[in-house]
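Asks: I need the structure of the sequence given here:
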Amino acid sequence: MLPLNSRLLLLVAILMPAMARAAETKHVLVIGIDGCRPDALAVADTPHLDALIQNGTYFEGTDIVSPDRKNPANTVSGPGWSNLLCGVWPDKHGVLDNKFTEPKYDQFPHFFVRLKEARPDARTVSFSDWKPIRDHITRGGDVVLDFSPPADVKGPSGYETGDAASTAACVELLGKEAPTAVVLYLGQVDENGHAHGFHPSVVQYRDAIERVDGHIGQALAAIRRRPNAKNEDWLVIVCTDHGGTGTDHGNGHKNFDIRRTFMIVSGKGAKQGRSTDPTYQVDVAPTAFKHLGVDSRPEWALDGKAVGLNE
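Replies: Numbering: from 1, shown residues only. As a prediction, this is how the structure comes out:
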């Protein structure tokens, strides 16, 4: 048997990593890439996304359609981002298309609202360049900034400018503070898909993914530069609202290239490896809650589950 002092030292050595993790403040960064097909992501040059995959779990077949309920919604951005950010399917949040005619966000809100219910001191911020995210989906955020292109600017260029502005604002804020939850939405991949085609062989589509990867790298670098970074535990979740085929993605419930997406769950608390386990858009919000130590309440009636995290 080891002497008492040796046993105490061994116990301290075992417990110290766990104690250090417990002392870290937990944060979540959700990065939304609109209209990004996973097969195009696989062939694009994306060193920053690749690094996130290496340090987390990459889910290869995240579905945008519920496996067990009638889905009345079109396969477009309004329902997609509502699924992702609210954690429930369209039969609950009520968004069936991009018109937002009868949303039920008062009953099934953005995960920011639920986070504030559980932790009133939580700091939440959102950056996007698709106006409906600010106007309709993101509620309860402490900072909600929109960089949508002017109405007279058509095509991908406006979203390329908007993505750069959203990222710059995100980087600036991260240099000053560490919010509890951050959402960064990037729209140019979808716009290039509509303009040139949603396919890995389309150069403009791949180029847009690579530019977005550069923006993601800037946000990640801002987190690493934070003065207290060593005492912060950031979980990064990367997701998308739909794929596409040709230059469209509507009515894609039975189209593999539209309804099959991906999810990356990356950070100190994430499992590592690639996974074909069933995952769904509604899993994003519960995953964020679990990392932040927030128990999902029964009355929230979330449809998703936490994925990709160590127990």
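
Asks: what's the burial count for residue 38?
Replies: By other Cβ atoms under 10 Å, 19 other residues sit near residue 38. (C-beta placed from N, C-alpha, C; glycine too.)

Asks: now residue 230
Replies: What residue 230 shows, counting by other Cβ under 10 Å, is a neighbour count of 9.

Asks: check what pLDDT the spatially closest residue to residue 304 that is not a sequence neighbour gets.
Replies: Residue nearest to residue 304 in three dimensions, not counting chain neighbours: residue 282, with 3.4 Å by Cβ to Cβ, 6 or more residues apart in numbering. At residue 282, the pLDDT value in this model is 99.

Asks: pretty sure residue 282 contacts residue 83?
Replies: Yes: Residue 282 lies in contact with residue 83 (Cβ atoms under 8 Å); the separation is 5.4 Å.

Asks: who's more crowded, those two?
Replies: residue 83 (30 against 24).

Asks: so the more buried one touches residue 281, yeah?
Replies: Yes: counting by Cβ under 8 Å, residue 83 touches residue 281, with 3.9 Å between them.

Asks: so where do the helices sit in the stretch 1-150 of the chain?
Replies: Assignment of helices within the stretch 1-150 of the chain using DSSP state H, counting those that start in this stretch yields the ranges 4-23, 38-43, 47-54, 77-86, 90-93, 111-118, 131-132.

Asks: ok, back up a step: give the residues shared as contacts by residue 282 and residue 83.
Replies: With contacts taken as Cβ atoms under 8 Å, 6 or more residues apart in numbering, residue 282 and residue 83 have residue 89 as neighbours in common.

Asks: quick one, strands of this structure?
Replies: Along the chain, counting by DSSP state E, strands occupy 25-33, 56-63, 124-128, 143-146, 181-186, 232-239, 260-266, 273-275.

Asks: now the fourth one, how far from the centre of its chain.
Replies: The chain centroid and the centroid of strand 143-146 are separated by 16 Å under Cα atoms, centre = their mean, to the nearest Å.

Asks: low pLDDT regions in this protein?
Replies: The chain contains residues with pLDDT under 70 at 1-22.

Asks: 90 instead, please
Replies: The chain contains residues with pLDDT under 90 at 1-23, 67-72, 139-140, 151-152, 154, 311.

Asks: quick one: list the elements packing against the top helix by length along it.
Replies: In the chain, assigned by DSSP state H, the helix with the most residues is helix 203-224. Packing contacts for helix 203-224, counted by 3 or more Cβ pairs under 8 Å, 6 or more residues apart in numbering; DSSP states H and E, involve strand 25-33, helix 38-43, helix 47-54, helix 156-174, strand 181-186, helix 188-196, strand 232-239.

Asks: of all the ones you listed, which lies closest to residue 71?
Replies: Of all the helices and strands packed on helix 203-224, strand 232-239 sits nearest to residue 71, with 17.9 Å by Cβ to Cβ.

Asks: what residues are up against the closest residue to residue 95 other than its chain neighbours?
Replies: Excluding the flanking residues, the one nearest residue 95 by Cβ to Cβ, 6+ apart is residue 82, at 4.4 Å. Applying Cβ under 8 Å, 6+ apart to residue 82 gives the contacts 90, 93, 95, 103, 137.

Asks: repeat for residue 135
Replies: By Cβ under 8 Å, 6+ apart, the contact list for residue 135 reads residue 146.

Asks: and residue 145, by the same measure?
Replies: Shown in contact with residue 145 (Cβ under 8 Å, 6+ apart): 125-128, 134, 166, 169.

Asks: what pairs with it across the strands?
Replies: Residue 145 has these beta-bridge partners by DSSP bridges: residue 127.

Asks: just give the closest residue to residue 27, not the sequence neighbours.
Replies: When the adjacent residues along the chain are set aside, residue 27 lies closest to residue 234, with 4.8 Å between them (Cβ to Cβ, 6+ apart).

Asks: wouldn't that neighbour be in contact with residue 267 here?
Replies: Yes: with contact defined as Cβ under 8 Å, residue 234 and residue 267 form a contacting pair (5.7 Å).

Asks: mind checking which of those two has more residues around it?
Replies: Neighbours per residue (other Cβ under 10 Å) separate residue 234 from residue 267, with residue 234 holding more: 23 against 20.

Asks: was I right about residue 59 contacting residue 263?
Replies: Yes: counting by Cβ under 8 Å, residue 59 touches residue 263, with 4.3 Å between them.

Asks: next, show the common contact partners of these two.
Replies: Here residue 59 and residue 263 have 279, 307-308 as joint contacts, going by Cβ under 8 Å, 6+ apart.

Asks: I'd like to know how far residue 83 sits from residue 25.
Replies: As judged by Cβ to Cβ, to the nearest Å, residue 83 and residue 25 stand 28 Å apart.
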